[in-house]
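Undergrad: compute the structure for the input listed below.
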Amino acid sequence: QVQLVESGGGLVQAGGSLRLSCAASGSLFSIRDMRWYRQAPGKQRELVASITSDGNTNYVDSVKGRFIISRDNAKKTVFLQMNSLRPEDTAVYYCYVDLRYYSGRNYYAYWGQGTQVTVSS
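TA: Sure, this is the predicted structure:
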């Protein structure tokens with residue numbers, strides 16, 4: 001069973017930076033897409049950034065130019081560098097991966113446990 005372990009959340013002042021990490025445990029699988037979502041209180045979960053297996057990235061408009069998603073395939077880890085943070089970035093951030101086990105053809109989705117990011121004004 002694959003587990004995603006997130007780290008790097010916390011409290012930061014507006015204008016500050018944080019770096020989130022999400023590492024997938026286990027072996028014998030290939031990861032396709034890696035993503036970061038966030039969910040603020042009373043709001044729906046939204047896709048923040050995504051990165052494909054060959055490094056193509058996409059961002060929601062509100063974080064373009066401030067956040068950078070990257071991945072280390074050897075370590076099965078995805079990162080989210082968050083700069084120029086704003087109070088409206090406050091949310092629980094979740095990582096997501098979809099992967100295929102070497103023994104099969106189907107892709108499966110896995111979620112991290114979430115990490116709180118709080119930006120004070």
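
Undergrad: which ones are touching the residue lying farthest from the centre of the chain?
TA: Of all residues in the chain, Ser103 sits farthest from the chain's C-alpha centroid, using C-alpha atoms, centre = their mean; the distance is 26.2 Å. Applying C-beta atoms under 8 Å, 6 or more residues apart in numbering, we find Ser103 in contact with Leu28. C-beta: built from backbone N, CA, C; applies to glycine.

Undergrad: so it, which state does it fall into?
TA: coil (DSSP: H, G, I helix; E, B strand; the rest coil).

Undergrad: quick check: phi and psi on it?
TA: When read as degrees, to the nearest 10, the backbone of Ser103 gives phi -80, psi -10.

Undergrad: what of Met82?
TA: phi -110, psi 120.

Undergrad: one more: the one 4 residues further on?
TA: Here is the backbone geometry of Arg86 (degrees, to the nearest 10): phi -120, psi 160.

Undergrad: rewinding a little: if I look at the residue farthest from the centre of the chain, what pLDDT would I see?
TA: Per-residue confidence at Ser103 stands at 89 (pLDDT).

Undergrad: ok, the closest residue to Asn83 other than its chain neighbours - contacts?
TA: With sequence-adjacent residues excluded and distances taken as C-beta to C-beta, 6 or more residues apart in numbering, Asn83 is closest to Ser17, at 4.8 Å. For Ser17, the contacting residues are 81-85, by C-beta under 8 Å, 6+ apart.

Undergrad: how about a cut-off of 10 Å?
TA: Each residue near Ser17 by C-beta atoms under 10 Å, 6 or more residues apart in numbering is listed here: 66-67, 81-85.

Undergrad: again, but for Asp98
TA: Asp98 neighbours (C-beta under 10 Å, 6+ apart): 31-35, 106-110.

Undergrad: buried ones only from those, please, as a ChimeraX command.
TA: The following ChimeraX line selects those of the contacts of Asp98 that are buried, judged by 16 or more other C-beta atoms under 10 Å:
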select :31,33,34,35,110
